[in-house]
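**Student:** Structure for this input, please:
(one chain, ligands or ions: 1)
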Amino acid sequence: MLRRINPYLAGALLIASLASCNPAGKKEKQTEGFARTAETETLLTSLKTMHQHGILFGHHDAPLYGIGWEGDEGRSDVKSVCGDYPAVMSFDLGRIELGRDQSLDKISFEKIREEIIAQYNRGGMSTISWHLDNPVTGGDSWDVSDTTIVASVLPGGANHETFLTWLDHVANFMHSLTTENGVKIPILFRPWHEHTGSWFWWGQNLCTAEQYKALWRLTYDRLCEKKVNNLLYAYSPGSEPNTPEEYLERYPGDDIIDLIGFDCYQFDEAVYEADMHKSLRLITEIAKSHNKALAVTETGYEAIPDPVWWTETLLPILAEYPVSYVVVWRNARERETHYYAPYPGQTSAADFVKFYNDPKTLFANDARELNIYSETVR
Ligand code: BMA
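**Tutor:** Below you'll find the predicted structure:
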């Protein structure tokens with residue numbers, strides 16, 4: 001937890017954030033007069049320098065539901081345990097592409113929009129993933145019955161036009177994320193994740209590297225064309241890559257990607273620790289040479305059976321690297337053991353309070369204190 005900001009550090013950060021907003025810094029993302037909002041650029045600077053303060057803690061679907069509850073106003077399992085909201089909230093847009101009102105996890109997109117606005121107003125940030133349906137079979141993201149899906153949505157493919165309408169639903173949602181004063185809320189968008197495995201229709205064995213990169217380019221270009229100017233973009237493979245070459249094999253390009261990360265879950269502790277260190281070493285090196293922010297975009301230990309997992313497994317690993325944030329996955333109210341954050345009375349709850357009290361971890365109040373969207377204050 002951050003208790004106070006070092007004034008020397010604050011000065012250095014101010015200079016860093018001003019530098020990032022000069023025209024040269026912005027040039028990367030300018031496509032014919034189109035530029036991202038100043039708050040979005042500042043959030044990127046904040047993420048790049050966040051490790052000097054600590055690690056933002058995040059939880060997927062945090063304010064929407066938890067163990068034994070759904071839709072309660074102002075509630076989050078993390079907050080019930082430690083008294084503060086996560087600094088990062090992760091949400092998913094799966095099924096928005098179909099024009100539906102509810103996500104694949106049966107949450108209304110209107111509610112997600114409200115919670116993203118609330119999270120911004122309390123000084124925290126939001127990231128969005130997209131478990132979209134399979135556009136050919138009508139199955140879900142995990143329908144890997146066909147290896148021609150990615151090719152079919154690219155220019156010239158049979159489903160290209162339909163897919164553009166899917167991207168437009170995403171664009172409309174991103175545009176709708178504005179405060180009552182009309183401020184566009186910056187979002188870290190994380191589509192096409194875990195592609196180094198083969199469980200999603202955009203995965204490793206389901207398309208070529210060129211097709212995967214073209215899918216990213218199409219996504220990015222369409223959203224730019226629709227003037228979506230409040231997005232940062234995250235590249236988020238699994239922990240499969242062992243070398244920089246493997247990690248970058250399907251990397252869409254420095255002009256698209258702002259933050260690099262990976263998804264990695266604990267099953268066996270020794271394997272988890274080895275994979276986390278390997279992947280963190282890799283992205284630390286790549287983030288430095290490519291000037292990107294870095295994060296652990298998804299992690300966790302399902303049902304957290306280890307009472308000291310937070311302070312004896314997760315935190316010691318993260319503390320060795322310049323990580324901006326870490327997100328643990330959702331506390332599903334509909335799948336009994338599918339939860340990744342503690343709730344009151346859960347085995348690891350006391351250890352989570354210790355984790356929260358550690359100066360290295362940052363929650364929503366810390367994010368507000370750090371003013372992650374405002375260069376003048378930073
Ligand atoms: C997965 C699981 C699914 C869920 C999906 C999107 O990892 O939690 O139950 O539908 O994420 O949130």
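
**Student:** Identify the residues contacting residue 219.
**Tutor:** Contact partners of residue 219, counting by CB atoms under 8 Å, 6 or more residues apart in numbering, are 167, 191-192. Every residue, glycine included, has its C-beta placed from N, CA and C.

**Student:** How about the residue in the stretch 151-300 of the chain positioned nearest to the ligand: what's its closest non-neighbour residue?
**Tutor:** In the stretch 151-300 of the chain, the residue that lies nearest the ligand is residue 298 (8.1 Å; CB to the nearest ligand atom). For residue 298, the nearest residue in space outside its immediate sequence neighbours is residue 263; the separation is 3.8 Å by CB to CB, 6 or more residues apart in numbering.

**Student:** Could you check which helix or strand contains the residue nearest in space to the middle of the chain?
**Tutor:** Within the chain, one residue has its C-alpha closest to the average C-alpha position: by CA atoms, centre = their mean, that is residue 127, at 4.1 Å. With secondary structure defined by DSSP states H and E, residue 127 is part of strand 125-129.

**Student:** From the contact counts, what lies against that strand?
**Tutor:** Based on contacts counted as 3 or more CB pairs under 8 Å, 6 or more residues apart in numbering; DSSP states H and E, the elements that strand 125-129 packs against are strand 88-92, helix 109-121, strand 187-190.

**Student:** between that strand and helix 109-121, how many degrees?
**Tutor:** Orientation check (axes from the mean of the first three to the mean of the last three CA atoms, to 10 degrees): strand 125-129 against helix 109-121 gives 150 degrees.

**Student:** Report whether strand 125-129 contacts the ligand.
**Tutor:** No. For a cut-off given as CB under 6 Å from any ligand atom, strand 125-129 has no contacts with the ligand; the smallest distance is 7.2 Å.

**Student:** Extract the C-alpha set from that strand and format it as PDB.
**Tutor:** What follows is strand 125-129 as a C-alpha-only set of coordinates in PDB (Å, rounded to 0.1, in the frame of the first residue of the first chain):
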ATOM      1  CA  MET A 125      -8.300   1.900 -13.900                       C
ATOM      2  CA  SER A 126     -10.100  -0.700 -16.000                       C
ATOM      3  CA  THR A 127      -8.900  -3.200 -18.500                       C
ATOM      4  CA  ILE A 128     -11.200  -5.100 -21.000                       C
ATOM      5  CA  SER A 129     -10.800  -8.500 -22.500                       C
END
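
**Student:** how much does that strand deviate in direction from strand 88-92?
**Tutor:** Here strand 125-129 runs at an angle of 30 degrees relative to strand 88-92 (the same axes, to 10 degrees).

**Student:** Can you give the strand pairings for strand 125-129, parallel or anti for each?
**Tutor:** Taking DSSP bridges as the criterion, strand 125-129 forms sheet pairs with strand 88-92 (parallel), strand 187-190 (parallel).

**Student:** right, so those: which one is the most enclosed?
**Tutor:** Among the strands paired with strand 125-129, strand 88-92 has the highest mean neighbour count (mean count of other CB atoms under 10 Å), at a mean of 26.

**Student:** Now it: average pLDDT?
**Tutor:** Strand 88-92 shows a mean pLDDT of 99 in the predicted model.

**Student:** For the nearest residue to residue 134 once chain neighbours are set aside, give me its contacts.
**Tutor:** Computed as CB to CB, 6+ apart, the closest residue to residue 134 that is not its neighbour in sequence is residue 143, at 4.2 Å. Contact analysis of residue 143 by CB under 8 Å, 6+ apart lists 133-134, 137, 201.

**Student:** hmm, which of those residues are the buried ones?
**Tutor:** 133-134, 201 (16 or more other CB atoms under 10 Å).
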